[in-house]
Structures are given as C-alpha cells and as structure tokens.
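Student: the sequence and its predicted three-dimensional model are supplied below.
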Amino acid sequence: MSLIRSVLHLLWMLITVIPVAIWMVAATPFAGPKHMLAAANSFLACAMYGLRAICGVNWRVTGRENLPGLDAHGHPLPAVLLVKHQSTLETFLMPLIMPRPLAYVFKKEILSIPFFGWGIARCDMIHIDRKAGKQAFVKVVEQGRRLLGQGTWVIMFPEGTRIPRGQVGQYKSGGTRLAIETGAPVVPVAVSSAKCWPRKGLIKTPGTIDVSIGKPIPSVGRQPDELMREVQAWIEAEMHRLDPEAYAGEAVAAGSTDKAAR
C-alpha cells in the first residue's frame, strides 16, 4: 500500500509542477520576484499537502518563537537558516512554515531539471557554479547580502547533500562564513524527515516528522569553523532527541565498547 501511495504522490507532483513551471516561464517578462516565489510556493504546498493526504505524512514544528522578528523600525531581522538535510521533504517544507521569504543556495545543475529547475530558475535565489571556486562564494555573499537586506532569509544545508537517517555528514562552513560576512545570526534547524521520506527512496511511510528550530546564534566576532561546530553540536544533539530510534545503534556500540574495556 505504501508503494502505491508513493507512486500516486509522485504522479501528483508531476501533474502539479508542469503547469506551474510553464506559467513561470511564460510570465517571466511580466511577473516580478514576489509573483514567481508565490507560484513556486504554490507547487510546494501542493506537494506537501498531497504528501499528507496521499501518504499520511504529517509534520510538527517546535521553536517558532526562536525565529527573528522585526527591529525597532518594523523591518524584518535577517537570518541564515542552517538545516539538517535528510531528504527532499525539508526542501519543500521550509518555505511553507517560515514567516519570511526564503532563498536557497544551490548548485546550478538543478536548473537543468525539467520543469522544477526551469521554475526555480525564475526565483530570486542563489545558484552557484562549484567549479568557480572562491568566486562562487563571492557571489553567495553579494547576493546573500542583497537578499537579507530586503527581508529574505537565506537557507543552506551545511552537510551539502542528503544524509542517511542516523548518520552525520561533513558540516561545511559556507553558511557560517556567509553569516559572518553579512552580520546575520544563524538559526540551526533539525528535521527528522528520513523517518518518513528516505534519502533516495521512492516509498514514503506514514508518520509525523519533527522540525525543531533553535535559538539564533550571533555571528559577529566569530570564526566560521568554530561557529559551525556549535551549529553542528546543536543540530546533532537535537536529532538524537527527535529520532532516538535512528541512533539506537550508537548506544549498543557504546555499551559493547564499555564491556570490552572492562
């Protein structure tokens, strides 16, 4: 039954992304960034609420009160969101649960994906050429500063790629470097998405995934690697709390090691 539901959800995403992407491409000369983002978010909403209705996957968010609000003049405070990356789910979900527009930092190869890539290419986000080396990060800082200045939050996955459930990827310091360069705080986010939507699996299983939003961590006066270690420590500790089953093997291994030592 889960396989049938998962295939139906895949078909649902294909059916909904095609007209949205075609509209975005056709409307490029006439529609502004806000209209493009609204169109993209309409597809994401279809995908996520379809996931709930078809596959029985729900989500629960805690820590919303930790998100930056407005300054004394009523302007949105900036933030760089650094999110645990286990599946496609958090990519689709984050824009729906955040109070501010989001701009992803992603590799430019995504732009060549039919329909989805064509649509996201019309949004005001940061796509980089990893072959460009240092120049790629210069672009991230330039565009990131502009987006943060206009009230858009920048979102990045510090592990760079989707990581299997219960495992830890290599946390790269690009997100904290951007935060330090722009003076924006970082907001760590833990997501137990792989419980229901595995990293590379087709089958989605019913259940509730948790999204936990941490308190903003100031970036001023910090070093990128040191700040990223703090982000990683919070995210991974929170992942153990949200999804203890995924890390049960660690406890067993630790117990075995202790016995061997004795």
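Tutor: Happy to help now that I have it. Model, not experiment: these values are computed from the prediction.
Student: now do the strands in this protein.
Tutor: Applying DSSP state E to the chain gives strands spanning 57-62, 80-83, 102-107, 126-128, 153-156, 186-191, 207-213.
Student: which other helices and strands does the third one contact?
Tutor: Strand 102-107 makes packing contacts with helix 89-97, strand 126-128, helix 134-149, strand 153-156, helix 174-182 when contacts are defined by 3 or more Cβ pairs under 8 Å, 6 or more residues apart in numbering; DSSP states H and E. Every C-beta, even on glycine, is put in place using the N, C-alpha and C of the backbone.
Student: so which of these is the most surrounded?
Tutor: strand 153-156 (a mean of 25; mean count of other Cβ atoms under 10 Å).
Student: so how many other residues sit close to residue 42?
Tutor: When counting by other Cβ atoms under 10 Å, one arrives at 13 neighbours for residue 42.
Student: what of residue 12?
Tutor: 18.
Student: that one contacts residue 46, correct?
Tutor: Yes: between residue 12 and residue 46 there is a contact under Cβ atoms under 8 Å: 7.4 Å.
Student: picking that back up, got TSV for the helices and strands packed on strand 102-107, with distance to residue 26 and mean pLDDT too?
Tutor: Listed next are those as TSV, based on distance: least, Cβ to Cβ, whole Å; pLDDT from 0 to 100:
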stretch	distance to residue 26	mean pLDDT
helix 89-97	22	96
strand 126-128	21	88
helix 134-149	25	90
strand 153-156	27	97
helix 174-182	33	96
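Student: distance to residue 225 for the ones you listed - can I get that in TSV?
Tutor: Converted to TSV, those look like this (distance: least, Cβ to Cβ, whole Å):
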stretch	distance to residue 225
helix 89-97	24
strand 126-128	20
helix 134-149	15
strand 153-156	15
helix 174-182	8
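Student: just give the number of residues close to residue 157.
Tutor: 25.
Student: tell me the pLDDT of it.
Tutor: We have a pLDDT of 96 for residue 157.
Student: quick one: contacts for it?
Tutor: 82, 83, 84, 85 (Cβ atoms under 8 Å, 6 or more residues apart in numbering).
Student: what is the nearest of those residues to residue 125?
Tutor: Nearest to residue 125 out of those is residue 83 (Cβ to Cβ; 14.9 Å).
Student: for the closest one, give the beta-bridge partners.
Tutor: residue 189 (DSSP bridges).
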